[in-house]
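*Asks:* my questions are about this predicted structure, shown below with the sequence.
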Amino acid sequence: MKSQSLLSLSAWLLAALALPLTIAAQDTQQPALTQYSVTDLGTLPGGNFSQPFFMNRYGLVSGSSSVADGSQHATLWLDGLMGDIGSPGLGGPNSIAFGDNERFQSAGEAETSTPDPNGEDFCGFGTHLTCSPFLWQEGKMVELATLGGGNGGANAISNRGKVGGFAENSTADPGCPSPQVLQFKPVVWEKGVIHRLPTVGSDPDGVVYNLNDNGEVVGASGTCTTFNPNFLNNLLAVHALLWEDGKATDLGNLGGQTGQAGGNAAYDVNNRGEAVGGSDLAGDTTFHAFLWTRKTGIQDLGTLSGDLASNGISINEAGSVVGVSLDANFNPRAFLWEKGVMTDLNTLVAGDSPLYLLTGCSINSRGEITGLGLTSAGEIHTYLATPQHNVAAGESTPQGVMSRRTLSDDARKQFQQQLRFGRTGVGLIGRQ
């Protein structure tokens with residue numbers, strides 16, 4: 001994967017704006033997709049780890065990659081090119097890009113060079129630097145406002161430029177374990193102005209995970225807990241929520257009431273208002289992926305055969321869902337759910353694959369999927385799975401790739417210490 005300088009990256013994105021008419025025409029003619037070719041999108045120079053969070057309909061992937069000094073930089077991938085948008089960032093060593101849109105804007109969070117006055121570690125990198133939400137556009141990273149506290153994060157951006165995420169206010173939350181001190185609220189930014197969204201019941205804290213182009217926003221509210229590196233925040237998600245016109249709707253749950261297993265949260269919503277996420281089952285000992293619609297309410301999508309838990313992470317306009325399914329030891333494998341059937345994405349790969357597909361993080365309107373994959377060397381890289389339309393009948397994935405991979409101790413350590421899942425919702429990946 002070829003790395004791109006920051007200055008040329010901006011020009012590259014502007015040039016890519018010439019693509020929409022051609023690609024939009026393809027969107028309406030997309031046939032049923034059954035098999036995929038897989039590309040390893042790689043890492044920034046000197047890095048050994050990368051992760052994606054979102055991919056727009058033109059194939060622009062937002063995420064992060066490690067670099068030679070071990071820090072993580074917000075990263076964009078498109079058409080075989082990779083761009084580091086996290087250097088210089090906002091002055092700190094670490095940053096992540098969580099979302100992008102069709103205008104080639106990106107949103108995320110970045111550390112500054114200022115130590116947090118309360119000693120918080122809001123970004124979760126162990127630096128205890130302040131962590132700011134950002135909007136990246138035209139080659140520049142712009143810091144977004146908070147609600148009065150020092151920290152926040154931007155998780156998504158719509159095609160209309162509305163940004164969703166969470167931000168601290170100036171009120172101490174006595175329920176927060178150290179080092180977190182302040183409350184954090186679900187928010188949206190419109191034209192740089194921050195708007196707080198309500199939580200439900202007595203929940204003091206909340207997070208926006210995604211939003212669509214019609215003003216519908218999804219996320220969760222709950223209570224403050226120990227920082228979870230899989231979800232990139234301190235939220236114990238008790239209620240999966242959808243906000244519309246500033247009003248919160250509780251999407252319900254699959255029987256679990258406390259959020260103690262994987263949590264109850266909505267991670268994505270398409271322009272048809274269909275939401276996906278994860279919810280604890282009755283007894284609060286495990287969690288399953290769900291699909292929510294206004295007509296049917298919350299629906300349990302189950303797991304892949306033999307697995308214990310799952311999370312739905314992304315849904316496209318056709319209603320296809322990708323996510324992660326986990327066995328009893330929480331070894332992950334990516335799934336694709338279509339028309340009521342959940343399939344291990346690894347079994348849909350045509351020919352050899354450079355990666356074993358661990359999670360499905362985002363699926364766009366062309367059916368392209370990005371997520372986390374495991375290399376033969378045990379490193380975790382970002383992949384792009386591209387639908388293939390002319391695969392010969394009977395061609396199948398080699399058995400070695402189809403077989404489930406058990407994470408090595410080194411790979412599991414990467415998950416626990418480096419991985420910033422955000423919306424990928426693996427939850428208890430470190431638990432044996």
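*Replies:* Structure received. Please read these numbers as outputs of a predicted model, since none were measured by experiment. Numbers count the residues shown, from 1 in each chain.
*Asks:* contacting residues for Leu235?
*Replies:* The contact partners of Leu235, taken as Cβ atoms under 8 Å, 6 or more residues apart in numbering, are 184, 205-207, 220-225, 228, 263. For the C-beta atoms, the positions are set from N, CA and C on the backbone; glycine is no exception.
*Asks:* so among the residues you listed, where is pLDDT lowest?
*Replies:* Ranked by pLDDT, the contacts of Leu235 bottom out at Asn228, which has 72.
*Asks:* can you report how many residues neighbour that residue?
*Replies:* Counted with other Cβ atoms under 10 Å, the neighbours of Asn228 add up to 18.
*Asks:* name all residues that make contact with it.
*Replies:* By Cβ under 8 Å, 6+ apart, the residues touching Asn228 are 234-235.
*Asks:* so it bridges to which residues?
*Replies:* Applying DSSP bridges to Asn228 yields these beta-bridge partners: Asn233.
*Asks:* specify the beta-bridge partners of the closest residue to Thr286 other than its chain neighbours.
*Replies:* Across the structure, with Cβ to Cβ, 6 or more residues apart in numbering as the measure, the residue nearest Thr286 apart from its sequence neighbours is Ala309 (4.8 Å). Judged by DSSP bridges, the bridge partners of Ala309 are Leu326.
*Asks:* you'd agree Ala309 is up against Leu326?
*Replies:* Yes - with contacts defined as Cβ atoms under 8 Å, Ala309 counts as touching Leu326 at a distance of 4.7 Å.
*Asks:* doesn't Ala156 make contact with Pro133?
*Replies:* No - with contact defined as Cβ under 8 Å, Pro133 does not count as touching Ala156 (11.0 Å).
*Asks:* quickly list what's touching both of the two.
*Replies:* By Cβ under 8 Å, 6+ apart, the residues touching both Pro133 and Ala156 are 107, 163, 165.
*Asks:* low pLDDT regions in this structure?
*Replies:* By pLDDT under 70, the low-scoring segments of the chain are 1-33, 229-232, 390-432.
*Asks:* tell me where it has helices.
*Replies:* In the chain, the helices defined using DSSP state H lie at 6-16, 20-27, 399-402, 409-417.
*Asks:* name the residues of stretch 156-174 that are buried.
*Replies:* 156-158, 161-169, 173 (16 or more other Cβ atoms under 10 Å).
*Asks:* need the residues you listed in TSV with distance to Leu251, can you?
*Replies:* Rendered in TSV, the data for those read as follows (distance: Cβ to Cβ, whole Å):
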residue	distance to Leu251
Ala156	17
Ile157	22
Ser158	20
Gly161	26
Lys162	20
Val163	22
Gly164	16
Gly165	19
Phe166	18
Ala167	23
Glu168	25
Asn169	25
Asp173	24
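*Asks:* what is the nearest of the residues you listed to Ile369?
*Replies:* Using Cβ to Cβ, Ala156 comes nearest to Ile369 of those, at 17.7 Å.
*Asks:* any idea how far Ser62 is from the closest one?
*Replies:* When Cβ to Cβ, to the nearest Å is the yardstick, Ala156 and Ser62 sit 10 Å from each other.
*Asks:* ditto for Asp213
*Replies:* Distance of Asp213 to Ser62, given as Cβ to Cβ: 17 Å.
*Asks:* so for these two, which sits in the more crowded spot?
*Replies:* A side-by-side neighbour count of Asp213 and Ser62, using other Cβ under 10 Å, places Ser62 first with 29 against 13.
*Asks:* what bridges to that one?
*Replies:* Ser62 forms beta bridges with Phe54, Leu76, as assigned by DSSP bridges.
*Asks:* ok, the one 10 residues further on next?
*Replies:* Bridge pairing for Gln72 (DSSP bridges) gives the partners Ser66.
*Asks:* now do the contacts for it.
*Replies:* Shown here is Gln72, whose contacts under the criterion Cβ under 8 Å, 6+ apart are 49, 64-66, 86, 94-96, 125, 418, 420.
*Asks:* of the residues you listed, just say which sits nearest to Asp344.
*Replies:* Phe49 (23.4 Å).
*Asks:* excluding covalently adjacent residues, which one is nearest to the closest one?
*Replies:* Ser66 (4.4 Å).
*Asks:* roughly how far apart are the one you found and Asp250?
*Replies:* Counting by Cβ to Cβ, the gap from Ser66 to Asp250 is 38 Å.
*Asks:* swap in Lys185?
*Replies:* The gap separating Lys185 from Asp250 is 17 Å, by Cβ to Cβ.
*Asks:* more crowded one of those two?
*Replies:* Neighbours were tallied for Lys185 and for Asp250 using other Cβ under 10 Å; the higher tally belongs to Lys185 (25 against 14).
*Asks:* returning to what we had before: shared neighbours of Ala156 and Ser62, which are they?
*Replies:* 54, 98-99.
*Asks:* contact partners for the closest residue to Ala110 other than its chain neighbours?
*Replies:* With Cβ to Cβ, 6+ apart as the criterion, Ala110 has its nearest non-adjacent residue at 3.6 Å, and that residue is Ser95. Contact partners of Ser95, counting by Cβ under 8 Å, 6+ apart, are 64, 72-74, 85-86, 89, 108-111, 134, 141.
*Asks:* by neighbour count, which of these wins?
*Replies:* Ranking those using other Cβ under 10 Å puts Gly108 first, with 34 neighbours.
*Asks:* how many neighbouring residues does Val324 have?
*Replies:* 33.
*Asks:* these two touch, right, it and Leu336?
*Replies:* No - between Val324 and Leu336 there is no contact under Cβ under 8 Å: 11.2 Å.
*Asks:* quick check: neighbours shared by these two?
*Replies:* By Cβ under 8 Å, 6+ apart, the residues touching both Val324 and Leu336 are Gly360.
*Asks:* quick one, strands of the stretch 1-150 of the chain?
*Replies:* Secondary structure of the stretch 1-150 of the chain, counting by DSSP state E, counting those that start in this stretch: strands at 2-4, 35-42, 50-55, 61-66, 72-78, 81-84, 91-100, 106-115, 129-137, 140-143.
*Asks:* who touches His73 in this structure?
*Replies:* By Cβ under 8 Å, 6+ apart, His73 lies in contact with 44, 64-67, 84-87, 89, 94-95.
*Asks:* from these, pick the one nearest Pro179.
*Replies:* Within the contacts of His73, proximity to Pro179 (Cβ to Cβ) peaks at Asn94, which comes in at 16.4 Å.
*Asks:* distance of Gly59 relative to Val38?
*Replies:* Counting by Cβ to Cβ, the gap from Gly59 to Val38 is 14 Å.
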